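Visitor: have a look at this prediction, sequence included:
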Amino acid sequence: MTEREVMEYDVVIVGAGPAGLACAIRLKQLKPDLNICVLEKASAVGAHSLSGAVLESGPLEALLPNWRTEYTGMKVPAAEDDVRLMTRTGSFKLPNWAVNLSPMNNHGNFIVSLGQLTPWMAAQAEALGVDIFPGFAAAEAVFDENSAVKGVRIGDMGIEKNGEPGPNYTPGVEIHAGTTVLAEGSRGSMSKQLIAKYNLRDGIDPPTFGLGFKELWQLPPGRVKPGRIEHAFGWPLDTATYGGSFLYHLDNDRVYVGYVVGLNYKDPRLKPFEAFQQFKNHPRIKPLLEGGEILAAGARTIAAGGYQSLPRLDMPGAMLIGDAGGTLNVFKIKGIHQAIRSGTLAAEHLAEQGKAAGFDARWRNSAGHRELHSVRNFKPAFKRGLYFAMVNAGIESLLKGKVPWTLRNTADWSSLEKLSDYASPDRGWGDRTLPPRDRLASVFFAGNVHDEAQPAHLKVLDTSICVTRCTKEYGNPCQNFCPAGVYEMVDDGQGGRRLQINAANCVHCKACDIKDPYEIINWTTPEGGSGPNYQNM
């Protein structure tokens, strides 16, 4: 058995996103003598932080009242909203009064870079005495004799591709703590394990997700209107598929442009990355971007299940916060304020109670959970089509969720139809001339770094299914939904095909772990420090 160093803390927090850092900061504000550490799998805090990102600043101001004057990163005040239904050649603008009544009203909000905001929050935490360790991925939980979580094990370093220790092998340390706080973000790998172990979804709807793409563009002078926030839905998706775009006008002639596709889509032939690229070539969007330059790109999944899919948030020795639990408000298209809310509430609970037990009940009595309840029917309504969902969204906006029904969520992996049972629609997609030319080019703009000598962190439990059943039944959809070209069916040299996993391309979005129709793909943490670099995203 490998001898491992053990470090002791009062609280260990897994993930240096807004939820984890808010928890660390608030705990230190309330209990300065607590020993707290934060583990971050990225090479630096912020490198894996990707969001739209429009910030509803109230929870951050409550946590750090001086953020507006002390935070020097990008924060562009929201100036105007524009929400549209897109057609192949044009668009219809929703009335301003309708947008102002809805959760999509951004008055008082700020466009920020989450890749810049989280390092600033980390600096505030360190100034209070929190230990933050970037480049250390928590691989699995460790348990005490009563099967309660007593901490985490850091992933080993220096493992060769064959799984054997190499010349630079270093065993991962164990960090033991009175409470482990999971703030891993959407589809956290350790959160997934513990939700299953403790049956935290008993009586709860399955989680559901969106796959989000984002690019940062530098444009010619004069095109950008700082603070303008544009959202759109409709084309290039069909009316049976949930999704939509965002276009945020920044400072210094820059824009964020992005697209989200709900992973509960039915079409096995749909390629979400190509839908995003097609959107950019729409007659309304292309003139804005043409002649500009991509500076950065990325992709990640979004925990979109909300109220119906929220698991129990506490378990023996540990708790879930932020997107690890699923606190994002999908109608608002915002999760940062909810993550900060849940992290702050978790800290206040630990400061008062000294243990995780009871946190779930506390969250469900909070303003953050009431916000999720008020928009609970927005996302599942899209299962009945775009136009039903638009009517439902209007009702939700007017009544603030005070309706006597709750629509249910279903698992994304189960929604994919078989090739023989689904006639893919003609999407009316045309030529694309704006970059990037393909997924590999997009991966370049993500700043990806993986040591190719390490074992693949994407574990396929039975690759024979890929060659036989999946090819026939679904046409190997992993080649379609992965935004980074990780999965390829290639010639096996014997007249057949085999699955090739290009693990170094992975941008850690977790879509494969969610959408695979056989549930045989398991996303695990690669060596700490691996992955994309989203510092300006």
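Guide: Yep, that arrived.

Visitor: who's in contact with Gly343?
Guide: Pro18, Ala19, Gly20, Leu21, Ala22, Cys23, Ala24, Arg26, Ala183, Ile321, Gly322 (CB atoms under 8 Å, 6 or more residues apart in numbering). Just so you know, the C-beta spots here come from the backbone N, C-alpha and C atoms, and that holds for glycine as well.

Visitor: low-confidence stretches in the stretch 51-200 of the chain?
Guide: Applying pLDDT under 70 to the stretch 51-200 of the chain flags no residue at all.

Visitor: please read the previous query as pertaining to the chain.
Guide: Short version for the chain, where the test is pLDDT under 70: 1.

Visitor: cutoff 50 now
Guide: Counting by pLDDT under 50, the chain has no low-confidence residues at all.

Visitor: how much space separates Glu80 from Pro311?
Guide: 38 Å (CB to CB, to the nearest Å).

Visitor: show me which of the two is the more surrounded one.
Guide: Pro311 (23 against 14; other CB atoms under 10 Å).

Visitor: related to what we said a few turns ago, among the contacts of Gly343, which lie within strands?
Guide: Of those, none are assigned to strands by DSSP state E.

Visitor: okay if I get these as a markdown table plus distance to Glu348 and neighbour count?
Guide: Listed next are the contacts of Gly343 as a markdown table, based on distance: CB to CB, whole Å; neighbours: other CB atoms under 10 Å:
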| residue | distance to Glu348 | neighbour count |
| --- | --- | --- |
| Pro18 | 16 | 33 |
| Ala19 | 14 | 32 |
| Gly20 | 15 | 32 |
| Leu21 | 15 | 31 |
| Ala22 | 11 | 32 |
| Cys23 | 10 | 34 |
| Ala24 | 13 | 31 |
| Arg26 | 6 | 24 |
| Ala183 | 15 | 32 |
| Ile321 | 12 | 33 |
| Gly322 | 15 | 32 |
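
Visitor: what is the neighbour count of Gly305?
Guide: Gly305 has 27 nearby residues by other CB under 10 Å.

Visitor: quick one: contacts for it?
Guide: Going by CB under 8 Å, 6+ apart, Gly305 touches Asp205, Pro206, Pro207, Thr208, Phe209, Gly326, Lys379, Asn409.

Visitor: can I get the residues you listed in JSON lines with secondary structure?
Guide: Below are those laid out as JSON lines (DSSP: H, G, I helix; E, B strand; the rest coil):
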{"residue": "Asp205", "secondary structure": "coil"}
{"residue": "Pro206", "secondary structure": "coil"}
{"residue": "Pro207", "secondary structure": "coil"}
{"residue": "Thr208", "secondary structure": "coil"}
{"residue": "Phe209", "secondary structure": "strand"}
{"residue": "Gly326", "secondary structure": "coil"}
{"residue": "Lys379", "secondary structure": "coil"}
{"residue": "Asn409", "secondary structure": "coil"}
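
Visitor: report the beta-bridge partners for Met157.
Guide: Thr170 (DSSP bridges).

Visitor: nearest spatial neighbour of Phe246, skipping sequence neighbours?
Guide: Gly258 (5.0 Å; CB to CB, 6 or more residues apart in numbering).

Visitor: helix, strand, or coil at the one you found?
Guide: Taking three-state DSSP, the label given to Gly258 is strand.

Visitor: give me the beta-bridge partners of it?
Guide: Residues in beta-bridge contact with Gly258 (DSSP bridges): Lys214, Phe246.

Visitor: tell me where the stretch 1-150 of the chain has strands.
Guide: 6-14, 36-40, 54-55, 75-77, 80-86, 91-93, 110-112, 131-134, 138-143, 149-154 (DSSP state E, counting those that start in this stretch).

Visitor: mind listing what's buried in the second one?
Guide: Residues of strand 36-40 classed as buried by neighbour count (16 or more other CB atoms under 10 Å): Ile36, Cys37, Val38, Leu39, Glu40.

Visitor: again with the last one
Guide: Of all the residues in strand 149-154, those buried under the rule 16+ other CB under 10 Å are Val149, Lys150, Gly151, Val152, Arg153, Ile154.

Visitor: what strands line up against it, and which way round?
Guide: Counting by DSSP bridges, strand 149-154 is paired with strand 138-143 (antiparallel), strand 174-182 (antiparallel).

Visitor: how far does the first one sit from the chain's center?
Guide: When you say that, I think you mean strand 138-143. 21 Å (CA atoms, centre = their mean, to the nearest Å).

Visitor: so which bits of it are buried?
Guide: So for strand 138-143, counting by 16+ other CB under 10 Å, buried means Ala138, Ala139, Glu140, Ala141, Val142.

Visitor: likewise the longest one?
Guide: For strand 174-182, the buried set under the neighbour-count rule, 16+ other CB under 10 Å, comprises Glu174, Ile175, His176, Ala177, Gly178, Thr179, Thr180, Val181, Leu182.

Visitor: pull that strand out as CSV, backbone CA atoms only.
Guide: What follows is strand 174-182, C-alpha atoms only, in CSV (Å, rounded to 0.1, in the frame of the first residue of the first chain):
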residue,chain,number,x,y,z
GLU,A,174,-4.6,13.0,2.0
ILE,A,175,-6.2,16.0,3.5
HIS,A,176,-8.3,15.2,6.5
ALA,A,177,-10.8,17.7,7.8
GLY,A,178,-13.8,18.0,10.1
THR,A,179,-15.9,19.1,7.1
THR,A,180,-15.3,18.7,3.4
VAL,A,181,-17.1,21.3,1.2
LEU,A,182,-17.6,20.3,-2.4
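
Visitor: how far away is Ala24 from Ala122?
Guide: Distance from Ala24 to Ala122, by CB to CB: 9 Å.

Visitor: which residues do these two both contact?
Guide: If you check Ala24 and Ala122 against CB under 8 Å, 6+ apart, the residues they both contact are Val38, Ile132.

Visitor: look up the closest residue to Trp217, ignoring the ones flanking it.
Guide: Gly292 (4.7 Å).
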